[in-house]
Each structure stands twice: as structure tokens, then as C-alpha cells.
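>>> what follows is a predicted structure for the sequence shown.
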2 protein chains.
Amino acid sequence: MRCEVIAVGSELLLGQIVDTNSSWMGEQLALAGIDSHFQTKVGDNHIRMAIALRTALDRSDAVIMCGGLGPTQDDITREVIAEVMGVELVRDEVIESRIRAMFGSRGRTMAGNNLRQALVPAGASTISQMPGTAPGLVCPMTGPYEGKVVYAVPGVPYEMKEMVAGTIIPDLQQRAGVTSVIKSRTLRTWGQSESGLAEMLHDEIERLDAEPGATLAFLASGIEGIKVRITAKAPTEAEADEVIAAEEAIVRSIVGDIVFGVDEETIEYAVIDLLRERGLSLAVAESVTGGLIAARITNVPGSSDVFRGGVVAYASEVKYSVLDVPRGPVVSAEAAEAMATGVCRLLEADVSVAVTGVAGPTAQENQPPGTVFVAISIGGEVESRQLRLPGDRQRVQQFSAISVLDMLRRRLAGV
Amino acid sequence: MRCEVIAVGSELLLGQIVDTNSSWMGEQLALAGIDSHFQTKVGDNHIRMAIALRTALDRSDAVIMCGGLGPTQDDITREVIAEVMGVELVRDEVIESRIRAMFGSRGRTMAGNNLRQALVPAGASTISQMPGTAPGLVCPMTGPYEGKVVYAVPGVPYEMKEMVAGTIIPDLQQRAGVTSVIKSRTLRTWGQSESGLAEMLHDEIERLDAEPGATLAFLASGIEGIKVRITAKAPTEAEADEVIAAEEAIVRSIVGDIVFGVDEETIEYAVIDLLRERGLSLAVAESVTGGLIAARITNVPGSSDVFRGGVVAYASEVKYSVLDVPRGPVVSAEAAEAMATGVCRLLEADVSVAVTGVAGPTAQENQPPGTVFVAISIGGEVESRQLRLPGDRQRVQQFSAISVLDMLRRRLAGV
């Protein structure tokens, strides 16, 4: 089963928006075991969209078109699919009344254009997940592309994700001849290389090969760590869940405490959850990361439960005067530890993380770029560590951030 | 002249890396007046790369392939282009000696694989910009694609950008029949809508249409503002520069102080430059933006000249105790002003920006999401403003950041 992705929108070609939707879909398809060999971006142009769709159908079994389902005259994905199917657009009464109801409940007036969103190619069905006003479509092909399928989803990320996960991936797996239920769970890890993880899990993977139950796959995800995906196929959902739970226990017993989260849980989620459970408040003191850690933490909804705030002590003088760092070198374990202590005191927090170091491009205090000291403080107990990180300025900042958050996670979890 | 972009790399399809290179190239092509109707991602697979390249050449005049020029066996862009050209790969002696010299000067041992990078399709030429060990290629097509051209550039962003700007865009413009020199400059603006700008510049655009010299184009760039691109065509580079300078003066006289930067200068650059010129130091106090402003400022190399640091006062108690905000509502002009004053005092800075507000998704102090108060302090003089921003949590944070930085820019520049 091969499925291509076509992202629709002139703003994508003009570089006004970066196409992150296709990347996300690519990851989901890979994790579901569906091959995706080509991804295409095309503008809001009927002829070129039809060319892109036919080109994709010529070489693959399924196509997901993302974008162009809005209410304006620019939004022509419906029309293009109908043309390639060789059918007319017909009004879907159920969708029409849902759109009317949505506008009614929000007290907004509906423009006539919005009813264009109730048009679907004859023979297509709508996707049951519909968080916005744009219905997603499942369009079984006829004629020369008989047996193939085109899906249409909106370009709004959360709408797209709900439809891909809820309908399209299961539908693709079913079309791929999978009659049983396939479910999966992703364990997020930090602290091991991909080859290190593969080595740790080598015997288990061999066991699974011989005695099928679950399967394991690795996905290196840069500063988000390495993901281990557990996939299970079973006659029922409950049985699949059981297989996954059993396999998760085995994987965790082998790789241990490097697992920090499941599915969409980033390291910030893990840290915030642990703090909330323990009733502890958090502060951050940042030099080299310049506000990045605070920004990542405040991106998590509900972080205000535990997050007091932070101090970005970029100038050495601010480290000395605001955080009581002893005068002297600021790229040092002593400075990191003093920052961690100082920010707890200043912001009256129970717990803190602190980072100081050299992001580059030039050396500082004779330390080369990539030299970073991180510290954590929990209830007054301070611990620090030196890191030597590869890469450019941004990579050093990002790796510093996840490294110190993982250090805090381990201490809080007692692992 | 139509030019497609093909991004090569299995990691792009798998969603491990988001393809920002194609977005950047799309923007450059648009600004240079070259149509780009399709962009494709394909994995490191010989057959599928050749399919993608032939598909692109069937419908366009030029193709930029990005990635797959490294030294490993996975890097096969050279081989694929040679096959589609119907030629052999030949060793380029000049490139080979440059690669040997690079390794020599860095004191690194060269793997035999690195010499693969000196192979070029017969008839192709190398791009003179070569910041890494991978040469870029200009490959004039023969046979069925006679008259068309394929470019190959590395996937490393800074290497790619140098080659696209230095060689590929000028080469495309020349092939498009432009015999004179084309140069351009982008003015970045904040504070006007695209249609507002178009209205302001309407008469000037009409004048240019009638009496050609420079041309103007708009490019809406989200939270980076709206760009006005001035392009000039002239017999020589000096004359083109003259035309651009004259047109820039006219545009600036019409749109005035909404221009904050030129070409790659973001609003942070503008603010840091102004502070440096005036010998002033900066601090930031952030609530709703959670560290984002500090992180943007510290992303600018050399920001340490002026940036003291910041306080992320996320909890109300931190606003009261650390920044001396009077007890009471924290989503208010008074709180923003007190934050601006307090952080100047605490961090001993001359100038500050402060932001407090509601990012959403829920209301706070009965204020709806998107309600934001920003303040700036210069030498003790404080000024605040209320913003009502559309969009989700991240958009509110981003718009708050650029709005307050632009407010500071205007005050510093006295405009």
C-alpha cells in the first residue's frame, strides 16, 4: 500500500508558510507501515492540482490531499477530485445541516460561501471527525484509477490530525488487507543513541520476529529524542491494547528510565506532570538558552499550575547581582549551581533548572562552543553536570534545554 | 521560466526533518519573478529520484534538486542527474584538489568516500560558491530535455542559500532572457495590512508601470510582517544599485516609519542595532510570551553587546515580589508598566519591554484570549498600549513579541 501526500496552497510554494502538515502525515504513515514515496506541494490552481493528483495516482494506491477545503473561491480541492473521479459535486444534506448548526450555536452569521463546504464528489463519503466547518472526504476512485482512493483533509493542523488519525490511517490499513485491529503506542526516550537502543532491544526484537505479537520500530526525532513504536495486530481492540500493554512493560523493563513520555508527551509534559503530582513549583535560570526553556514550558497548557517563572541572566553582571553567582567564571559548574539556587530563592520556587555555557560561534572564557553546564535544585539540594554538545548555536541551545529537563525528570522520578 | 524544487531525503518523508529549504527557495524564486508551480519531496532512492526529476522536467524549464550530494553511498543525486542527462560521471580535478585542501587545512583525515563529491555529470559545471565539501552543480540537459537545466545543491541550509542566491537565481534570470543585471532589495514592514500598503503605494506602482525603472512586489510573511521587494533591471550592477536606492527613498518617503529592516534584518536586529548605536542596554519582562522575546533576542549573534537579560514573571506572585507590580489585576496597563520599570531596576538596564496578557485558550481576570498589554521603558519613561490579537495561543505570543519590539524600535528611532 503506497500513499502520497499533496499539500495544496500557493502560500506554501511562496514560502510564506512552511509545510509541517506533510511531515506529520509522513511520520504517521511510516509508523502505520504505509509506504509514502513522494510528497508534493502545489498552488491553488485547478489545472496544476489535477496534474499533481493524476501524477500521484499513476504511481501510488492512495493520495491524501491537504488544504483547499475552505469556503472561499480559492478552495477548489473538492472540484479537482470530482473532475479526476469523473463525477459531479452533490450537496450533502447532513453536512449542510451540521454547518448551519455550528454557525447557529456560535451566534455567527453564515456566508453563503460556507455552504460550498457541503458539496462532495458523488460517490464520496465524509469523514466522521469534523472539528471545524470543513468536512474531510474519502473518495473511492472509478474509471482508470478504479480501486484507488483519494482522501481530502483541511489544512488546519488540528482538524487534519484528528481526521488522519481517526479515519485515514485505519482506512489505509484496512485497504492494505489488514482485517484485524492495528494499534500502536510510542515511547519517547532520551539518553541513548538509536544504535544503542537497537542493541538493548536486539534480543526482544528477535523474540518478536520468531513469535509474533507486537512489533517494534525506532524513529530518531532529533531534539525530541528517539521514539520506540510498539505496534500490535489483534482480532479486537481490547486484545490489541492487551498486547501493547504487555510489550510496553517488557520494553520498559529492558530500556528502563530513559522513557520519558508516551505518544504526544514531550519532556516538558513529563516534568510538569511530575511537579504537579508532588506539589512542587518550578523556576528556571537561563544564560546560554536565552529564554528557550521558559518558552517551551509555557507552551504547555496548564503549566501555570507549577511554573513560577524564570530569569534570563544573559550578562555576567546579572548573574552576579540578581542570582548571587559568585564573581568569577560564568561558564562553570559553580556558576550553574549558584544560578539554580539563586533563582529558587528569588522566585520562591521549590525546584529549578539552570543552564550556562557557550552556544558559539566563538569561544568564551577559553571554553569552546558546545561547552554547557547544567544544574538542578530540588528543595535546596543542588546537582550539576557538564555537557559537550555538537552542532551550531541553535542545536546547542535545544540540546541543553532537553538535557537539563531530562536531568530534572530523572531526579523527580527518582530514577 | 518555470522552475521546480525537489527536496531529496528519506528523513523528509518520514517526518524526522521539516523541509524548510524548499520554502526558502520558493520565496527566492517568487521574489526573482520565476514561477514555481510544484515542489516535491522524494527519498534517497535512485528509481524514485529519477521519476521525480523526469516528472519535473516534463512540466517545467528548470529544476533545483536539494540534498543527496554528501559523501556517503546514500547520496546519489549526482548519479540520478547523470542518468537523466544520459551521460557518465567524470572526476572534476579542480573540485578534487579543493576537497583535499579543505581536509588538509582542518587537519582531518579524508575518507575515500569524500572523493565521490568530486564526481560531476559530463557536461555539467560546478557552482563557484562552495562553503562546504559538496560542490553545487549546473547541469544543462541534452536529449529529450535539451534546453532545460537541472541544478543540484546540498541540503545544508547555509551552503544551499549561498549557491541559490549567488549562482542559481542569476542563472535562471539570464536563461529567462534577462540580459541585463537584475538586483533587488526587500524592505520589511510592520504595522500595515497588505491591502493598506498596496493602497499607500498605488500611485507609485502606477507610475512605475508607465515609466519602467524599478518594480514593486508585496509578500505577506505572517509574524515577520509584510515585505516590499524593490527589483531593478539595468545594464550594469552599479546602475541597478542606483535605481534601487532611488526607489527605496521614494518608497520610504511614502510608507514612512513602518519599514523596520532590509533584506534579512528581523525586528530584533533593528532593535539591537538601535540600542548599540545609542549605547543603551536592554532587559525584558515577560508573562504571556513566557521567554519568547528573550529567546528571539538571544538568537541574534552579538546581542550580548546590549542584552542584560530578562525575567519571566509567569505567576502573579513573581510579578508582585520580583518586579514590584502593585497587587491587583495583572492583565492591565498598570501591571505592564510596573513590569517594565521593575525589570529595568532589577537588571540595571536602560531600556525594557514588558508583556502581560491572555494567550488562551481560556479567559483570565475576565479578559478574553488575545487581550495583551505591552509596555516599554526608556530611561525611566514608561509607555504602554493594549493589543487585541487574533489567533491561537502561539500566534498571540508571537504577535505580542513583534508588536512590543516594534513599539520599542519606533520610540528609539524617534518615529
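Received the coordinates, thanks. Residues are numbered from 1 along each chain as shown, chains lettered A, B, ... in the order given.

>>> could you list the low-confidence segments of chain A?
Along chain A, the parts satisfying pLDDT under 70 run over A:106-109, A:178-179.

>>> how far does stretch A:52-70 stretch from one end to the other?
19 Å (C-alpha to C-alpha, to the nearest Å).

>>> which residue ranges of the stretch 251-400 of chain A form strands?
Taking DSSP state E, counting those that start in this stretch as the criterion, the stretch 251-400 of chain A contains strands spanning A:259-262, A:282-286, A:307-313, A:351-357, A:371-378, A:381-388.

>>> what residue lies at the spatial centre of chain A?
Taking C-alpha atoms, centre = their mean, the centroid of chain A lies closest to residue A:264, which sits 6.2 Å from it.

>>> so what does that residue have for phi and psi?
phi -90, psi 10 (degrees, to the nearest 10).

>>> any chance you could map the helices in the stretch 101-250 of chain A?
Assigned helices in the stretch 101-250 of chain A, in chain order: A:157-163, A:169-175, A:194-200, A:202-210, A:237-255 (criterion: DSSP state H, counting those that start in this stretch).

>>> how about the stretch 301-415 of chain A?
For the stretch 301-415 of chain A, helices defined by DSSP H, counting those that start in this stretch occupy the ranges A:316-323, A:333-347, A:393-413.

>>> to residue A:298, which of those helices lies closest?
For residue A:298, the closest of the helices of the stretch 301-415 of chain A is helix A:393-413, at 13.0 Å, according to C-beta to C-beta. From N, CA and C alone the C-beta is placed, and that goes for glycine too.

>>> residue A:227 contacts residue A:219, correct?
Yes. At 4.4 Å, residue A:227 and residue A:219 qualify as touching, with contact defined as C-beta atoms under 8 Å.

>>> which residues are common contacts for those two?
Residues touching both residue A:227 and residue A:219 by C-beta atoms under 8 Å, 6 or more residues apart in numbering or on different chains: residue A:186.

>>> distance of whatever residue is furthest in space from the centre of chain A from residue A:377?
Taking C-alpha atoms, centre = their mean, the residue of chain A most remote from its mean C-alpha position is residue A:327, at 41.7 Å. Using C-beta to C-beta, to the nearest Å, we find residue A:327 at a distance of 21 Å from residue A:377.

>>> can you check residue A:104 too?
54 Å.

>>> mind checking which of the two has more residues around it?
Neighbour totals were compared for residue A:104 and residue A:377, and residue A:377 leads with 27 against 11 (other C-beta atoms under 10 Å in any protein chain shown).

>>> quick check: that one vs residue B:160, distance?
When distance is defined by C-beta to C-beta, residue A:377 is 43 Å away from residue B:160.

>>> for residue A:392, same thing?
Distance from residue A:392 to residue B:160, counting by C-beta to C-beta: 15 Å.

>>> and these two? which has more neighbours close in?
Neighbour comparison, residue A:392 and residue B:160: the larger count goes to residue B:160, with 25 against 14 (by other C-beta under 10 Å).

>>> ok, residue A:327 - contacts?
residue A:320.

>>> what's the domain layout of chain A?
The record assigns chain A these domain ranges, following automatic domain parsing: A:3-175, A:181-262, A:267-413.

>>> which residues of the stretch 1-150 of chain A lie near chain B?
Contacts of the stretch 1-150 of chain A with chain B, taken as C-beta under 8 Å from any C-beta of the partner chain, map to A:12-20, A:22-28, A:30, A:36-43, A:45, A:48, A:51-52, A:55, A:59.

>>> can I get the buried part of those residues as one ChimeraX selection?
Command for ChimeraX, covering only those of these found buried under the criterion 16 or more other C-beta atoms under 10 Å in any protein chain shown:
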select /A:12,13,14,15,16,17,19,22,23,24,25,26,27,28,30,36,37,38,39,40,41,42,43,45,48,51,52,55
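
>>> and the residues of the stretch 1-150 of chain A next to chain B, which of them are in strands?
Among the residues of the stretch 1-150 of chain A next to chain B, the members found in strands (DSSP state E) are A:38-42.

>>> was I right about residue A:274 contacting residue A:412?
Yes. At 4.2 Å, residue A:274 counts as touching residue A:412 under the criterion of C-beta under 8 Å.

>>> chain B contacts on the stretch 201-350 of chain A?
Residues of the stretch 201-350 of chain A lying near chain B by C-beta under 8 Å from any C-beta: A:219-222, A:281, A:284, A:286, A:289-295, A:297-299, A:301, A:303-304, A:307-315, A:317-318, A:321-322, A:346-348.

>>> just the buried ones from these?
A:219, A:221, A:281, A:284, A:286, A:289-295, A:297-299, A:303-304, A:307-315, A:317-318, A:322, A:346-347.

>>> what is the burial count for the residue nearest to residue A:162 when sequence neighbours are not counted?
The shortest distance from residue A:162 to any residue other than its chain neighbours is 4.5 Å, reached at residue A:129 (C-beta to C-beta, 6 or more residues apart in numbering or on different chains). If you count neighbours by other C-beta under 10 Å, residue A:129 ends up with 18.

>>> residue A:204 too?
Neighbour count of residue A:204, defined by other C-beta under 10 Å: 17.

>>> what's it in contact with, if anything?
A:216, A:250-251, A:254.

>>> got the residues you listed as JSON lines, with distance to residue A:140 and neighbour count columns?
Converted to JSON lines, the contacts of residue A:204 look like this (distance: C-beta to C-beta, whole Å; neighbours: other C-beta atoms under 10 Å in any protein chain shown):
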{"residue": "A:216", "distance to residue A:140": "33", "neighbour count": "19"}
{"residue": "A:250", "distance to residue A:140": "40", "neighbour count": "17"}
{"residue": "A:251", "distance to residue A:140": "38", "neighbour count": "22"}
{"residue": "A:254", "distance to residue A:140": "43", "neighbour count": "13"}
